[in-house]
Each structure stands twice: as structure tokens, then as C-alpha cells.
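1. build the 3D model from these lines:
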Amino acid sequence: MKLTFFHTDGLYLAVLAVSFVFVFVMFRQESLRRPLNKILSNTSAMVSLLVLLAFLMMSVLDSVRFYPSLSPSQQVETNYAGEPITILDFLLSGIKTRTEKTYSAPLTSFSYSREMIRFPDGQERWDYPRLKFGGANLSDPNNDRPQDIAKRIIKGIGIGFFVWIGLLVICFQVKKCITKRKRYVNGFCGGLDASRIPWRAMSYTLLVMTLILSVVSQLASEYHVLGTDKVGEDVLYQSLKSVRTGMVIGTLTTVATLPIAVALGIFSGYFRGWVDDLIQYAYTTLNSIPGVLLIAASMLVMQSYMSVHEQQFSSLSMRADFRLMALCLILGLTSWTGLCRLIRAETLKLRELEYVDAAKVLGTSPFMILLKHIVPNLFHIILISVALDFSSLVLAEAVLSYISIGVDPTTESWGNMINGARLELAREPVVWWSLLSAFLFMFVLVLSANLFSDALRDAFDPRKEG
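-> Here you go, the predicted structure:
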């Protein structure tokens with residue numbers, strides 16, 4: 001096995017690492033412990049955080065790639081396969097490789113399209129053929145399938161319950177460590193009030209998540225839980241693979257947006273004069289261009305570059321990864337104006353306060369004033385804006401892919417799933433499961449992000465009391 005990382009993989013994992021270090025530093029700051037404790041005592045915030053961590057884990061597993069080793073009979077010039085796979089691909093290899101001919105409904109044993117079937121006795125009949133993998137363990141699907149599904153659901157509930165008990169034991173030990181302030185956790189969670197954390201609500205959420213995971217895993221071993229698409233690929237696999245695309249776009253686009261918006265907003269509000277006029281002119285001009293047209297034009301330029309420099313991309317997956325990174329950069333360069341205006345307005349107010357005037361009288365340089373007095377007081381605005389913009393960026397990918405200017409068609413994403421399913425809504429019978437699957441996964445992620453963003457806003461907004 002040989003590890004490898006694409007550009008978006010390295011950037012995404014680096015951003016996550018920096019974010020965890022940043023959270024560690026926040027816990028050590030006395031001024032930030034009150035809002036952090038307020039978030040930890042918020043039931044909806046902690047439940048949403050558990051769901052977001054589940055999505056985060058899936059995206060991380062899908063960002064660590066390796067070349068699988070080949071068997072001796074397959075080895076030619078190298079011991080490794082040509083296309084790298086991720087850890088998530090390896091874990092989902094069972095459902096990834098079970099490809100049918102075409103559409104099949106969720107948890108069924110027959111194809112969704114009729115075809116001419118030849119029976120052993122030589123007769124031919126126009127009927128729904130058996131699936132190659134879905135329900136292949138059944139001798140009589142019409143009679144045995146309901147009982148088999150029920151047994152697998154019951155078995156999954158039992159396994160999920162025991163896994164939940166094990167996780168509760170781990171959580172209890174974590175709570176015990178926090179409560180007793182042991183030396184190796186005191187540096188990270190000193191000042192953390194463990195008694196205010198909604199452990200019961202979090203345990204119930206964990207129970208639901210483990211039950212869903214175990215039941216789905218039991219059903220997915222023999223059935224297509226969310227059906228298959230036009231070319232017979234498992235929709236559950238597509239939905240899980242799309243998690244990384246949504247998380248990467250939301251994260252890397254924010255990283256591309258923040259430096260521009262924060263720097264220009266602070267400079268515009270603090271220095272004023274010709275600096276303010278120039279920056280205002282820049283974002284006013286950018287806002288006058290329709291966003292979709294600007295993104296479409298940028299993507300066309302990027303595609304032209306990829307066509308001219310095809311030799312730079314050794315595989316389709318690298319080409320798709322480059323387009324994903326380019327989309328994140330383009331979205332970041334075209335969506336910084338709103339946050340820039342907000343920071344400019346707040347900086348205009350902060351620069352007139354007494355402690356800033358006192359720093360000027362004492363001869364403090366402008367950049368030190370920005371670093372020590374302006375930026376810390378803009379922290380809550382930046383944090384809240386980042387959290388609120390994340391969900392809008394996830395939805396933006398779906399909209400852009402729907403109009404064919406989003407990620408590469410070979411990249412698994414909810415937008416591509418919706419784009420592929422829209423034409424099938426007019427057929428008879430309707431193929432509804434691809435659209436519903438993408439909607440459910442996107443809905444859960446965006447809802448969790450929005451609930452957690454509301455908690456951040458309530459905790460860090462200085463205008464909120466208590």
C-alpha cells in the first residue's frame with residue numbers, strides 16, 4: 001500500500017488540523033471560555049455537532065488515498081494499481097463493486113425496467129429481471145424478501161445497541177476525566193463545566209446514529225438500500241462519497257474567502273481615504289456582475305486551461321480534483337464582498353473608541369493597533385460569518401452542478417446526483433430515489449450546520465445577554 005494525496009486532500013486535511021489547533025487555543029483563552037461553555041450547554045448545538053462530526057469523519061476517510069497492492073498475477077511494471085482509492089472506498093468496496101444493469105428501487109430484488117427474459121424451458125416473456133446482486137441470497141424474493149429484511153433490521157438494531165453501550169462507556173470515562181480535571185486534560189479543558197453538557201441528549205443522538213449505521217450496514221450487505229442509478233451504481237455509495245465534496249467546498253472556499261474579506265475590510269474601515277475608496281470601488285464593481293455569470297466565465301477559462309494542458313493530469317481523478325480545487329478558489333474570489341462590507345462597517349465603529357485613540361496617542365503603530373485592538377474585537381463576526389456561510393456554500397455546489405458549471409461530472413456530488421435525476425422525474429414510472437437521497441443527506445448536513453451556527457451566533461455575539 002502506498003499513500004498519496006491530491007491537492008484538495010492535502011489542503012482539506014491541513015485546514016482541519018489548523019482548526020483543531022485553533023479550538024485548543026480557544027479553550028486556553030479565559031475570555032473565550034464563557035461563550036464556549038455556553039455552546040457546550042446548548043442541546044441543539046451539541047446534537048448538531050455530533051452529526052457534523054459524523055460527516056467530518058466520512059470526509060476525512062474519503063480524503064486519505066492509497067494505491068492498493070496488486071496480486072502477483074497482476075503485477076507488470078509496478079506493484080500498485082493505476083488509480084488510487086480512499087479509505088472510504090476500501091470500507092465500501094462491498095457496495096461499490098456490486099453494479100447492476102440499470103435502475104433498481106430501494107431494497108428490491110428486481111430491476112426497475114422490463115426486458116425480454118428467456119426461461120430455462122425456452123420460453124420468453126417481457127418481465128422485470130432479477131438483480132445480479134440485490135437480494136441474490138433469496139431463492140424466492142417475492143415471499144422471502146420481507147422476512148429477510150425484517151431479520152436484518154432486527155440484527156442491525158441489536159448490534160447498534162451494543163455498539164452504543166460501548167460508546168457510552170467511553171463517553172462516561174471522558175466525562176469522568178473532565179470532571180476530575182486530570183493533568184493530561186486540564187490544559188485543554190480547564191474551565192470547562194462538564195455538568196452543563198447535555199449528555200443525555202447526546203447519548204440519545206448517538207443511539208440513533210449507531211442504530212441507523214448498523215441497520216444500513218446489515219441491509220447493504222445483500223441489498224441496494226437506496227436503489228441504483230441509470231448505469232446500475234449503488235445510490236448509497238454515491239451519497240456517502242458526495243459528503244466529501246460538500247465538506248471540501250464549504251471548507252476550502254471559506255479559507256479562500258477569509259483572507260481577502262478580512263484584510264480588505266479592516267484596511268478599508270481603519271485607513272479610510274483613498275484606501276477606502278479603492279476597496280469600495282473593487283467590491284462594488286464585483287457585485288455589479290451577476291455571480292452565476294462570473295463563476296461560469298471563470299469555469300470556462302479553467303476548462304480551456306485544462307484542455308490545453310492535458311499532459312499535466314495523469315488520470316481522470318486528478319483532472320476532476322483540479323476542477324474541484326478551481327471551483328473552491330473561484331467561489332472564494334467571488335463571494336468575499338458581503339463579509340468585507342460587514343467587517344468594514346464594524347471597523348469604522350471600533351476605530352473611534354477610546355482605547356484605540358489612547359493607543360494612537362501612545363505612539364502605537366497602525367498595524368499593531370489592528371492586530372491587538374481591532375482584529376480581536378472582530379473575532380465573533382468572522383466566526384459567525386464562517387459558520388453561516390458554510391451551509392450556503394454546500395447548497396451553491398448543488399445549484400452550480402445543476403446548471404453544469406460545478407464539479408466535474410465524474411466527481412460524486414449531491415449536485416451531480418440531482419442533475420442526473422431531474423430528467424428521470426418525467427419518465428414512467430418515476431425514478432425518485434436518487435433525488436430523495438441527495439436531498440436527505442444535504443438536508444441533514446445543512447440543518448446541522450445552521451443549528452450550530454445559530455448557537456455560535458448566540459454565544460459570541462456581544463449584544464446577546466447571558
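
2. can you pull out the strands in this protein?
-> 2-4, 65-67, 85-86, 115-118, 124-127 (DSSP state E).

3. where does the protein dip in pLDDT?
-> For the chain, applying pLDDT under 70 flags the ranges 1, 69-82, 119, 121-122, 175, 177-195, 461-466.

4. most centrally placed residue in it?
-> Note on the chain: the residue nearest the mean C-alpha position is residue 247, at 2.3 Å, using C-alpha atoms, centre = their mean.

5. residues near the nearest residue to that residue once chain neighbours are set aside, how many?
-> Spatially, and ignoring its direct neighbours in sequence, residue 247 is nearest to residue 59 (4.0 Å; C-beta to C-beta, 6 or more residues apart in numbering). For the C-beta atoms, the positions are set from N, CA and C on the backbone; glycine is no exception. Residues within reach of residue 59, counting by other C-beta atoms under 10 Å, total 21.

6. kindly report the same for the one 4 residues further on.
-> Burial of residue 63 is recorded as 22 neighbouring residues (other C-beta under 10 Å).

7. which non-adjacent residue is nearest it?
-> Once flanking residues are discounted, residue 63 sits nearest to residue 9: 4.5 Å by C-beta to C-beta, 6+ apart.

8. for the longest helix seen in the chain, list every residue counted as buried.
-> Assignment by DSSP state H gives helix 141-180 as the longest helix of the chain. Applying a neighbour-count criterion of 16 or more other C-beta atoms under 10 Å, one finds 141, 145, 148, 149, 152, 153, 156, 159, 160, 163, 164, 178 buried in helix 141-180.

9. what's the farthest-apart pair in those?
-> Within the buried residues of helix 141-180, 141 and 178 form the most distant pair, 51.5 Å apart (C-beta to C-beta).

10. and residue 390, how close does it get to residue 51?
-> Counting by C-beta to C-beta, to the nearest Å, the gap from residue 390 to residue 51 is 14 Å.

11. swap in residue 306?
-> In terms of C-beta to C-beta, residue 306 sits 36 Å off from residue 51.

12. more crowded one of these two?
-> The neighbour count for residue 306 versus residue 51, taken as other C-beta under 10 Å, is higher for residue 51 (19 against 16).

13. the closest residue to the more buried one other than its chain neighbours: neighbour count?
-> With C-beta to C-beta, 6+ apart as the criterion, residue 51 has its nearest non-adjacent residue at 4.2 Å, and that residue is residue 448. When neighbours are counted by other C-beta under 10 Å, residue 448 registers 22.

14. residues contacting residue 448?
-> The contact partners of residue 448, by C-beta atoms under 8 Å, 6 or more residues apart in numbering, come to 48, 49, 51, 52, 55.

15. which one (most neighbours) among those residues?
-> Result: residue 48 is most packed of those (other C-beta under 10 Å), 22 neighbours.

16. make CSV from the contacts of residue 448 and add distance to residue 16 to it.
-> Below are the contacts of residue 448 laid out as CSV (distance: C-beta to C-beta, whole Å):
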residue, distance to residue 16
48, 18
49, 15
51, 17
52, 12
55, 12
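
17. out of those residues, which are inside helices?
-> Members of those lying in helices (criterion: DSSP H): 48, 49, 51, 52, 55.

18. between these, which is closest to residue 23?
-> For those, the minimum distance to residue 23 (C-beta to C-beta) is 11.5 Å, reached by residue 49.

19. about what we covered before: and the strands of the chain: which comes nearest residue 397?
-> strand 85-86 (19.1 Å).

20. sorry, back to before: could I get the strands of the chain in JSON lines, plus columns for mean neighbour count?
-> Listed next are these as JSON lines, based on neighbours: other C-beta atoms under 10 Å:
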{"stretch": "strand 2-4", "mean neighbour count": "11"}
{"stretch": "strand 65-67", "mean neighbour count": "18"}
{"stretch": "strand 85-86", "mean neighbour count": "18"}
{"stretch": "strand 115-118", "mean neighbour count": "10"}
{"stretch": "strand 124-127", "mean neighbour count": "10"}
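
21. which one is residue 96 nearest to, not counting chain neighbours?
-> In this structure, residue 96 finds its nearest non-sequential neighbour in residue 237, 5.3 Å apart by C-beta to C-beta, 6+ apart.

22. and for that neighbour, the neighbour number?
-> Other residues lying near residue 237 total 25 when counted by other C-beta under 10 Å.

23. how about residue 139?
-> By other C-beta under 10 Å, 6 other residues sit near residue 139.

24. does residue 35 touch residue 460 like I think?
-> Yes. Using C-beta atoms under 8 Å, residue 35 makes contact with residue 460 at a distance of 5.0 Å.

25. now the buried residues of helix 141-180 as CSV including distance to residue 350?
-> Converted to CSV, the buried residues of helix 141-180 look like this (distance: C-beta to C-beta, whole Å):
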residue, distance to residue 350
141, 69
145, 66
148, 65
149, 61
152, 60
153, 58
156, 55
159, 55
160, 51
163, 50
164, 48
178, 36
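
26. between those, which is nearest residue 115?
-> Using C-beta to C-beta, the buried residues of helix 141-180 come closest to residue 115 at residue 141, 16.9 Å.

27. gap between the residue nearest to residue 51 and residue 196?
-> 21 Å.

28. I'd like the distance between the residue nearest to residue 96 and residue 412.
-> With distances defined as C-beta to C-beta, the gap from residue 237 to residue 412 amounts to 8 Å.

29. was I right about residue 245 contacting residue 407?
-> Yes. Residue 245 is in contact with residue 407 according to C-beta under 8 Å; the separation is 6.1 Å.

30. more neighbours, the two?
-> Taking neighbours as other C-beta under 10 Å, residue 245 and residue 407 compare with residue 245 leading, 27 against 24.

31. which one of the buried residues of helix 141-180 is nearest to residue 361?
-> Nearest to residue 361 among the buried residues of helix 141-180: residue 178, at 45.2 Å, using C-beta to C-beta.

32. ok, residue 333 - how many residues close by?
-> Using other C-beta under 10 Å as the criterion, residue 333 is surrounded by 16 other residues.

33. distance of it relative to residue 123?
-> Distance from residue 333 to residue 123, counting by C-beta to C-beta: 64 Å.

34. with residue 381 instead?
-> Look at residue 381 and residue 123: by C-beta to C-beta, they are 73 Å apart.

35. let me see the contact set for residue 133.
-> Residue 133 is in contact with 98, 99, 100, 224, counting by C-beta under 8 Å, 6+ apart.

36. residue 65 too?
-> Going by C-beta under 8 Å, 6+ apart, the list of residues near residue 65 reads 3, 4, 5, 6, 9, 84, 85, 86.

37. what about the closest residue to it other than its chain neighbours, neighbour count?
-> Excluding its sequence neighbours, the residue lying closest to residue 65 (C-beta to C-beta, 6+ apart) is residue 84, at 4.1 Å. Per other C-beta under 10 Å, the neighbour tally for residue 84 reads 21.

38. what are the phi and psi values for residue 84?
-> With angles defined as degrees, to the nearest 10, residue 84 sits at phi -70, psi 150.
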